[in-house]
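K.L.:
after the sequence you'll find the predicted model.
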Amino acid sequence: MCGIVGYIGTQTATDILIAGLERLEYRGYDSAGIATILEDKLYCVRAKGKLYNLREKLQTEINPSQIGIGHTRWATHGKPEEYNAHPHLDMSGKLAVVQNGIIENYRELKENLLAKGIIFTSDTDTEVIPHLIADYLSSGKLSLMEAVQKTIIDLSGAFAIAVISSDFPDELVVARQQAPLILGFGQGEFFCASDLTALVPHTHAVLSLENGEMARLTPLGVEVYNFAGVRQKKYPRTLDWNPIMVEKQGFRHFMLKEIYEQPGVVRTCLEAYLNDNWHAENNPDFSPINLGISKDLLTDLQQVQILACGTSWHAGLVGKYLIEQLAGIPTKVDYSSEFRYAPAPITANTLTIGVTQSGETADTLAALELERQRRSSLDNQYKARLLGITNRPESTISQLVEHIINTHAGIEIGVAATKTFVAQLMGFYFLALELAYQRKSLSLVELENITKELRQLPTQIETILETQERYIEDLSHQFSETQDFIFIGRGINFPIALEGALKLKEISYIHAEGYAAGEMKHGPIALLDAKVPVVAIAIAGSVYEKVISNAQEAKARDAKLLGVVTVKKNDSNSVFDKLLPIPEVNELLSPILTVVPLQILAYHIAARRGLDVDQPRNLAKSVTVE
């Protein structure tokens, strides 16, 4: 979950490295550092804490070097101190390495190196890498590329690395194994980075390394090899992103900007996956949904299992509700990290869906790979059917699954997911409707009515933003000193209660829990008093009266009640202390709307508390380690 950036070319490397790290800081911000080569000498500067500490150190440095590597760290092995910051050097101080990931066998490697007299200066797993490379180079017979190749064969785990050496001042060597690494191609200059966001300002020509690949970057070009040393034929692709997409554009934080981008994201999803001008009576022979998924993947399904983590797991819970209620297929949702070590018994004709914003979530990828492997030798009806829902179709998940539902959310910088969560929900709506069409579990008229209502969602989100944000900002002042929050919901909005609680705890550090409203009396109600606000999602529909009843139970314990309600439910005024109204909406589609005021509430409470909303403590955007 760290960020890597590298550069070789004609510009000042330090400027490019720092700018790249700024765009990667969402991946980790415990410490940062860069290493450059100037006049055949390696220079390394590191700093504890956020990137501005490193920037301050560099203000006194004059270094026109045109090659370098940089790193922003999310601590795994070793405390977030300067001596654990990357880059890490060999004993000679001539070779530097940055790494994202975990070296699982580092203890064994370290013991062997210690026996050779190597002195370690950090607590990290990464430091074994420069010492190993230097050990291979000590024979004097290997190139830097060859030494790195031999080193990575010794490593076990998930990693991406970038290496420079003052003995090889005109080359940058990188390697990838189960952690993202992307190359960028400019005019006489070349880049590497953990994410496209660091490359967008410099180039639109990019190449994603695959697992088991390494590359040598020189002023003359890029050579890609597999770990066996065989040259690979690779071709860059062209990005359709632009630098403006990774700017705040006048918003105080990226998170608020991304909340406001949600109407556009939903519109993009609708344009991508709804067939235009589809009408039930005129088009009975093809689906209103255009996911492009092979029918073989979806035919005769007996079960769906969804694998995800965090916010994506909440999206999966909504997906379970939709697939079961619309398509009639039994569905279960597992934490990817738990599924890896206790997978469910194999059943026939099962669709496995991996949900990951980044497409690089380590536990989800490992769970999908486990499912693929354990079904690989079975009969046809038990074979693996794998589907991914992601915002990054070019990511690692695309190598594991048969088809991707691209959520089209665009770049999301804020660590707390907002627009990507809504986009994942849209992916599940389209999948559930496609399954319902194929299985004829809904009539064509019912399908048409739902698709018409889906098209209203972007305007309805805009209405919430226009009418509620300022009000919620004022309301948030009442909760800046609150220590505990409870969120409750039922049916399809129970997962939204979980997501609302997660958003608040992620960025405000307030203890918050989400519960199924009917479960309050079975224990959690003991937590309630006048100091514990309760947010209830009470949307007109099948469970409205039940949620109101549960809310009244909380009110009887003196809890301050906030209600996410539809605007025409006037009886809500007598129950709730404060209302967070949303437009009238079909209960089935309501999660797309009910989550928005909860995102805004979490944002403004955190901002009011003076916290770093975009980079909350201890968190990183892409969880690429177990």
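P.N.:
Ah, there it is.
K.L.:
quick one: contacts for Gln302?
P.N.:
329-330, 347-350 (Cβ atoms under 8 Å, 6 or more residues apart in numbering). Glycine gets a C-beta too; all of them are placed from N, C-alpha and C.
K.L.:
CSV for the residues you listed, including distance to Leu457?
P.N.:
Below are the contacts of Gln302 laid out as CSV (distance: Cβ to Cβ, whole Å):
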residue, distance to Leu457
Ile329, 24
Pro330, 28
Thr347, 34
Ala348, 36
Asn349, 32
Thr350, 31
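K.L.:
would you list the buried entries among those?
P.N.:
329, 349-350 (16 or more other Cβ atoms under 10 Å).
K.L.:
distance-wise, check Ile293 relative to Asn391.
P.N.:
18 Å (Cβ to Cβ, to the nearest Å).
K.L.:
the more surrounded of these two?
P.N.:
Between Ile293 and Asn391, Asn391 has the larger neighbour count (other Cβ atoms under 10 Å), namely 23 against 20.
K.L.:
Tyr429: what secondary structure?
P.N.:
Classification of Tyr429 by DSSP: H, G, I helix; E, B strand; the rest coil places it in helix.
K.L.:
quick one: the residue nearest to it when sequence neighbours are not counted and Ala436, what's the gap?
P.N.:
Distance criterion Cβ to Cβ, 6 or more residues apart in numbering; nearest residue to Tyr429, sequence neighbours excluded, is Leu322 at 6.3 Å. Separation of Leu322 from Ala436 (Cβ to Cβ): 9 Å.
K.L.:
ok, the buried ones among the contacts of Gln302 vs Gly489, which is closest?
P.N.:
Distances from Gly489 to the buried ones among the contacts of Gln302, taken as Cβ to Cβ, are shortest for Ile329 (23.2 Å).
K.L.:
let me see the contact set for the closest one.
P.N.:
301-304, 323, 435, 439.
K.L.:
if we go to 7 Å?
P.N.:
Contacts for Ile329 (Cβ atoms under 7 Å, 6 or more residues apart in numbering) come out as 301, 303-304, 323, 435.
K.L.:
could you count how many residues lie near the nearest residue to Ser165 once chain neighbours are set aside?
P.N.:
Counting by Cβ to Cβ, 6+ apart, Leu95 is the residue found nearest to Ser165 once chain neighbours are left out, at 4.3 Å. By the criterion of other Cβ under 10 Å, Leu95 has 27 neighbours.
K.L.:
quick one: Leu95 and Ile161, what's the gap?
P.N.:
12 Å.
K.L.:
next: Leu17.
P.N.:
16 Å.
K.L.:
could you do Gln599 as well?
P.N.:
Counting by Cβ to Cβ - Gln599 and Ile161 are separated by 36 Å.
K.L.:
re earlier: Ala538: which of the buried ones among the contacts of Gln302 is nearest?
P.N.:
Closest to Ala538 out of those is Ile329 (28.7 Å), distances taken as Cβ to Cβ.
K.L.:
check which helix or strand covers the closest one.
P.N.:
Using DSSP states H and E, Ile329 falls within no helix or strand.
K.L.:
how much space between it and Lys440?
P.N.:
13 Å.
K.L.:
go on, Leu132?
P.N.:
60 Å.
K.L.:
next one: Tyr260
P.N.:
39 Å.
K.L.:
now the protein, which segments are flagged as low pLDDT?
P.N.:
1, 241-246, 569-572, 620-626 (pLDDT under 70).
K.L.:
Glu82 - nearest residue in space that isn't next to it in sequence?
P.N.:
Lys48 (4.5 Å).
K.L.:
would you confirm that that neighbour contacts Glu81?
P.N.:
Yes - under the criterion of Cβ atoms under 7 Å, Lys48 makes contact with Glu81 at 5.7 Å.
K.L.:
of the two, who's got more company?
P.N.:
Lys48 (18 against 15).
K.L.:
so who does the residue nearest to Ser165 touch?
P.N.:
By Cβ under 7 Å, 6+ apart, the neighbours of Leu95 are 89, 130, 133-134, 163, 165.
K.L.:
narrow those residues to those in strands?
P.N.:
89, 163, 165 (DSSP state E).
K.L.:
so which of those wins on neighbours?
P.N.:
Neighbour counts for the ones in strands among the contacts of Leu95 peak at Val163, which has 29 neighbours (criterion: other Cβ under 10 Å).
K.L.:
element containing the closest residue to it other than its chain neighbours, please.
P.N.:
Leaving out its chain neighbours, the residue that sits closest to Val163 by Cβ to Cβ, 6+ apart is Val173, at 4.6 Å. Following DSSP H and E, one finds Val173 within strand 168-177.
K.L.:
can you map out the helices along the stretch 1-150 of the chain?
P.N.:
13-24, 51-58, 106-115, 128-137, 144-154 (DSSP state H, counting those that start in this stretch).
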